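*Asks:* coordinates for the following, if possible.
(chains A and B)
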Amino acid sequence: MSSNHPGLSNNFSRSGEKFSWSKDNLRSIKTIISKYPKGREQSAVMPLLYLAQEQNNNWISIECIETIAETLNMPKIRVTEVASFYSMYNTRPVGENLVQICRTSPCWLRGSNKITKTICKETKCEINDTSDDNKFTVVEVECLGACSNGPMIQINNDFFEDLDEESTKKIIDNIKEGKPNVIGSQKGRRSSENA
Amino acid sequence: MSDDLINIKVNQKEIQVDKNLTVMQACEIAGEEIPRFCYHDKLSIAGNCRMCLVEIEKAPKLVSSCTMPLMEGMSIITNSEKVNAGRKGVMEFLLINHPLDCPICDQGGECDLQDQAMYYGFDKSRYKENKRAVDNKNMGPLVNTIMTRCIHCTRCVRFATEVAGVPELGMLGRGENAEITTYLEQSITSELSGNVIDLCPVGALTSKPYQFKARPWELKRTDSIDIFDSVGSNIRVDSRAEEILRVTPRTNEYINEEWISDKVRFNYDGYYQQRIDTPYIKENQKLTISNWEESLKVLKDKLKTLKPLALIGEHVDLETGYAIKKFMSNYGKDNVECRTDNHAILESLDSYRFNTPLNDIENSDLIILVGTNPKIETPIINHKIFKAYNNDAKIFNIGENISLNYKTEYLGESLSNLNNENLIKALKKSINPLIIIGSAFLNKIKNIKTIKSIFSYADKYKVITKEKNNLNFLNPYASRVGQLIIGNTTSNLCEPFSNLKKDNFELVLSFGSEHIANEQFNNCFKVYFGHHGDDGAMVSDIVLPTPLYTEKNGTFVNIEGRPQEAKKCHNPIGSAKEEWSILKKLSDELSFDFIPNTFDQLRSELFDKHPILSDYHEIIAVENSTSITPDIEFEDCKAEYPVSNFYMSDVISKNSVTMAKCVEEIISTPSLLEKSA
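*Replies:* The predicted model follows:
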């Protein structure tokens, strides 16, 4: 993976806007922290980073880090370390739809290269780039754990499996036009039952 | 056999060691040297460099000895082929991304990686791919970074978090993208930050001011003492010809362990700035260059007619102090004063020194800071308090609500807050409480009763017991305790210096004391013996150049009462003469009695008079002699801290360019701690 991947860069930036927890998140944070023993609140840093990313348009800004550090009463550098370690925390802004293409062996054997090409063509952006209209960011990732349904991609929180060039194009087109997509297998399979 | 000992074998040699040790420590006891990069005995164990691999019988693979606990009957092998091959493998991996820039690296010659590569390295690389390059990081004006050289041992990260108490360093990313950095590349805000330079086993973190200045084998090493605070950290001064090029710590487990403050480490460029290199005499309100003959003649004539007072500055060594006292005794008593900041004391030694041995501070479970900011006055003591804090000690603070690198409970502004309910409750529960009274109050206390009350208070709450005395008095000046021991103070104990009747004196001799500029001496004839042209020299009628502590031998007594020697590193700058020799010459001309002809004679006379001072490195023993009064009464005084700017607290650091940069880049930009507070 290139270090240009939005989740693998060590450079963080400011969004310029104050980041404060939403009411819902404040409630979730309470539940999350209560799972850890007293004095070990900072163990909650990963779920909190996830919540922050969700609330902050899918990326972790310096403001997010500072808010998390304050919430968990831990040094900011420790939060930064965790956020930079894991590739699923994006350290820079990404498009509305983060398209993650699995390129690990099972998907690759089933033709993930073609899917990548199609997506890059349809979204008009290179790997690790964001499209001009800020609709898409395309990244290649390692195994997302749906090997029996490869090739597959993940767009934001949804998996799209059993892809070919045609179905991939359809998914992207639907997103562009604001139409709903069928989540999961594009061949009508339930889960990973025999094809 | 004690329960704590177990039998193990190291290279077939049977030894008994403490069962709580690690394999590496046991090997060291057995005399086997284990190579290592990430392990450091003052830091937590990380186990990430893998250099310390050893073979343990019955273990299928090599184990990292720094992380492995001992077991009864363990047989450790450190010199087999397998171990050697394992370490060579680790070394090969470490060198994959390490640049071959040893010839231009400041660490060259004292580099752990270089040394260990001599044993475990290959003569050529099997790695054909590109080496990784890492952007250098800003860590402030003191620490230079060449991050491509970093081997990710994380010693610096652990140091910042565990020792300096400023969790600002971290390792971002992972794998090939791993990088050591400060948070958002801001300067490290610790007063101990320079120690990461010594800790770094490679040349990734080096000294910025020392960059490209010298090679370690060109330097002459002189053992000396840190005189920029009262702790008396042991330092090694490295010089080439007549110039000091760097200052590094010497290990002393009783005092500074392996650390020194940034001030003494980096202010040495100030040693050569604004130096008084020749005598000056004031003519028509202007200091003009003179010579020794002329200036001493003028001074001699004045000394014949005027009644002198001697002020002793913060950097004056014991021998000089003794010579001053000896000279001044020709004019009667009570005419030498080192408490120029109104430091209130009682007669006994335990009323002006740090009575707890410094390495016992960490064992305390309750610390009360009274009018002291140890972070900027004495960073080493602050580190010890931080250790106690990490051992769950509770820290209370009285005086100003200062920001420290650990949590304190603030009780209020005045001394009477010692009677705070919460504090009393905690004191009653505490097993080993400790009080530190700082100069902020000591310099303001006017009534001797207050000091006595502090002793009574300490006695009442078991801070002072038969076994221990944990009532400590902290001042930031290196000369103070020693000068008080040899009695360089006016006899009106506890009388503020500012109350000194100025009519009694017509001539003021200042030995590096800037208080000569005080208004009370406006009508006196002023003579300044010193090395740096600052306020004191500007107002004086005669200025005589004297050597710096690195340019003469001298004894300093540290805050806990431990005499130590600072050795001469190079000759004085310009025509500077040692104070005692000036006084000797004056004595001869005034036909005073002044026997010592050499420095050694002076020193042996001092030790004859004060035998307790001759025992270097040992804390002076004292019986708890202060009488206890039943009533406790604290006067109301406002705390005024003696040091407001760590980097510029004395004439030498005020003249240091490096220290000026620190002020600009560290203090002037709001610190991380303040922002998060």
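
*Asks:* run through the neighbouring helices and strands of the helix or strand where B:Val508 lies.
*Replies:* Element membership for B:Val508, per DSSP states H and E: strand B:507-511. Applying 3 or more CB pairs under 8 Å, 6 or more residues apart in numbering or on different chains; DSSP states H and E, one finds that strand B:507-511 contacts strand B:308-312, helix B:318-328, strand B:525-530. For glycine as for every other residue, the C-beta is placed from the backbone atoms N, C-alpha and C.

*Asks:* could you rerun that using 7 Å?
*Replies:* In this structure, strand B:507-511 packs against strand B:308-312, strand B:525-530, with contacts taken as 3 or more CB pairs under 7 Å, 6 or more residues apart in numbering or on different chains; DSSP states H and E.

*Asks:* save these as CSV, and put in mean pLDDT, mean neighbour count and distance to chain A too.
*Replies:* What follows is those, written out as CSV (pLDDT from 0 to 100; neighbours: other CB atoms under 10 Å in any protein chain shown; distance: least, CB to the nearest CB, whole Å):
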stretch, mean pLDDT, mean neighbour count, distance to chain A
strand B:308-312, 93, 26, 44
strand B:525-530, 94, 26, 43
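
*Asks:* so what touches the strand holding B:Val508?
*Replies:* By CB atoms under 7 Å, 6 or more residues apart in numbering or on different chains, the list of residues contacting strand B:507-511 from outside reads B:302-303, B:306-313, B:316, B:320, B:324, B:516, B:521, B:524-529, B:536, B:579.

*Asks:* switch the cut-off to 8 Å
*Replies:* Counting contacts by CB atoms under 8 Å, 6 or more residues apart in numbering or on different chains, the residues outside strand B:507-511 that touch it are B:302-303, B:306-313, B:316, B:320, B:324, B:516, B:521, B:524-530, B:536, B:540, B:546, B:579.

*Asks:* can I get the longest helix along chain B in CSV, CA atoms only?
*Replies:* Counting by DSSP state H, the longest helix found in chain B is helix B:81-96. Backbone C-alpha positions of helix B:81-96 (Å, rounded to 0.1, in the frame of the first residue of the first chain) are rendered in CSV as follows:
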residue,chain,number,x,y,z
GLU,B,81,26.8,-20.0,17.4
LYS,B,82,23.0,-19.8,17.4
VAL,B,83,23.0,-16.6,19.6
ASN,B,84,25.6,-15.0,17.4
ALA,B,85,23.7,-15.9,14.2
GLY,B,86,20.5,-14.5,15.7
ARG,B,87,22.1,-11.2,16.7
LYS,B,88,23.7,-10.9,13.3
GLY,B,89,20.4,-11.4,11.7
VAL,B,90,18.8,-8.6,13.9
MET,B,91,21.7,-6.3,13.1
GLU,B,92,21.3,-7.0,9.4
PHE,B,93,17.7,-5.9,9.6
LEU,B,94,18.5,-2.8,11.6
LEU,B,95,21.1,-1.8,9.1
ILE,B,96,18.8,-2.3,6.1
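
*Asks:* give me the neighbour count for the residue nearest to B:Val539 when sequence neighbours are not counted.
*Replies:* Excluding the flanking residues, the one nearest B:Val539 by CB to CB, 6 or more residues apart in numbering or on different chains is B:Ala517, at 4.7 Å. If you count neighbours by other CB atoms under 10 Å in any protein chain shown, B:Ala517 ends up with 18.
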